[in-house]
Every structure is written in structure tokens, then in C-alpha cells.
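J.: sequence-free structure coming up:
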């Protein structure tokens, strides 16, 4: 079951593309937007993260950091990040624990691939409480970016 507004965000420790461990606790005192996405280098995933990249200054003004999480290896994520000029961390959940903890484990993706992240977005406040949670039924759909902005503006 996916997490909901008011739930305490599950802790995580994942590696970024610089091979550094990043945890939820690293963002204490700031708002955090987590974007889960099925796979690097795919069209909708690229659009999802590019939308965040293109609005990063807006989120920074609202005391919010952004991370993207997928089950891709950190090396693939590094290439994806470089090609798209993302200025935020992409984190590898290769072992699929965080997608399970957040209730976004997508069993059957495409072409027989199993066990990726559902497309999802969470806004976690500076105290580690989920203020917005959206898990999409179809990987073809994008999160509601306006709802994410509205949530941050209300914090």
C-alpha cells in the first residue's frame, strides 16, 4: 500500500551518481520532493525529471530539494543525469527496498521487465512527514506538478 499525506516518510539510504550515500535524514530541516520513475532514458521519465530541472530555482526558493529514485544502476543514472543536465541527485534503488517501503513497487512494467518503480511523487516536509503523495496507475502519465507546487507553497 502506498503512503499517504500525514504518514512519516520511511528512511532510506541510497547511492547517488557520485557514489555517495544519501539518506532521508540528510534533508532534515528542508522540504524534499521525491520523484520515483521506472527507467532512465525513457520518454516520460525524461519529461518528468526535466520538468523538475526546469523549475529547480522555484523549488529552491521554497526551501525544497529534489531527488529522483529508480532501480537503475548508479552508473546508468550518472549518464542519464549528465545527458539531461539534472542539477539534483538521482538515487539508485537497485535492491528495490525503497520502492517497496514507499509502496511504489511496480510488478510488471513493459517488455517483460519486472520490479521497477511506479511513477510517483512525494513531498516531505522539513519534519519528515509526507504532505503530498501521488502514485500513478500508468507509467505513461506525469505527476501533477501544480499540486506539488501548491503543497510546497502551503508549507
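T.: Yep, it's here. Since this is a predicted model, take the numbers as computed values, not measurements.

J.: packing partners for the helix or strand of the chain with the lowest mean pLDDT?
T.: Between all helices and strands in the chain, the lowest mean by mean pLDDT, DSSP states H and E belongs to strand 105-108, at a mean of 81. Packing partners of strand 105-108 (3 or more CB pairs under 8 Å, 6 or more residues apart in numbering; DSSP states H and E): strand 114-117. Bear in mind the C-beta positions are built from the backbone N, C-alpha and C, glycine included.

J.: what about residue 149, distance to residue 94?
T.: 31 Å (CB to CB, to the nearest Å).

J.: Quick one: the strands in this protein, in order.
T.: Taking DSSP state E as the criterion, the chain contains strands spanning 13-16, 21-23, 31-36, 64-70, 89-92, 105-108, 114-117, 120-124, 130-135.

J.: what would these look like in a markdown table with distance to residue 4?
T.: Formatted as a markdown table, those follow (distance: least, CB to CB, whole Å):
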| stretch | distance to residue 4 |
| --- | --- |
| strand 13-16 | 22 |
| strand 21-23 | 22 |
| strand 31-36 | 14 |
| strand 64-70 | 18 |
| strand 89-92 | 22 |
| strand 105-108 | 16 |
| strand 114-117 | 18 |
| strand 120-124 | 10 |
| strand 130-135 | 5 |
